[in-house]
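>>> build the 3D model from these lines:
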Amino acid sequence: MSLHRYLNVLSFGGIMTAYLVWKGMRLESIGFWRGVSSAIGLLGTFVYRFMSTRMSLINVGMLSVMFQFLCLSLSFASLYVNDFSASLPMLISGVCASRVGLWVFDIAVTQLYQIHVQEEIRGLVGGVQQSFNSFFGMLSFLLGILIPNPQYFHYYVSIGYFSVGLCAVAYFHGVYFKRHQLSLQGV
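Numbers count the residues shown, from 1 in each chain. The predicted model follows:
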């Protein structure tokens, strides 16, 4: 499930910051929104706690990745708005709000790993997961090298958006086929 975080450049990382600077946004404003985004992400830990006491862990994961995808839909839609004064708030608000879904989903998936992966192979599964994280992180940096011009930021937005969508589909597919087995184990 590394796609939703590591291949998604819709965060206040270097690529999006370069784009916002290129569009004329002041660094102070970018720093402010980066802080807001982080605080909203922190809110995700409280949302996880609230959700996990009211529904199954599988549903928490599904709802959170769908929430992230829906929030990023606003960012994706900003590509089709020609007025920068409208598209920029759409981009930033979608990215900021999506942090809740990102962090809730991360916690839910980690919890599912801890519950359902046998102790003897948990390190192996964690190592493979970290390898995927590193691979997709490297892939996003490689894209930054291959497509350095900020005028092509729409490619990054599209790749990030569809990577989260692919992650949601993969999670749904896995949950759909495993739901009965997992429900027997009390999740």
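
>>> does residue 152 count as helix, strand or coil?
What DSSP: H, G, I helix; E, B strand; the rest coil gives for residue 152 is helix.

>>> can you report how many residues lie near it?
13 (other CB atoms under 10 Å). Backbone N, C-alpha and C define where each C-beta goes, glycine included.

>>> look up how far residue 37 lies from it.
23 Å (CB to CB, to the nearest Å).

>>> one more: residue 51?
On the measure of CB to CB, residue 51 and residue 37 end up 20 Å apart.

>>> residue 127 too?
29 Å.

>>> more neighbours: which of these two?
For residue 127 versus residue 37, neighbours defined as other CB under 10 Å are more numerous around residue 37 (18 against 11).

>>> what about that one, helix or strand, and which?
helix 27-52 (DSSP states H and E).

>>> correct me, but residue 171 touches residue 63?
No - counting by CB atoms under 8 Å, residue 171 does not reach residue 63; the two are 10.7 Å apart.

>>> pull out the buried residues from the helix or strand where residue 123 lies.
Per DSSP H and E, residue 123 falls inside helix 122-146. Buried residues in helix 122-146, counting neighbours by 16 or more other CB atoms under 10 Å, are found at 129, 133, 136, 139-140, 143.
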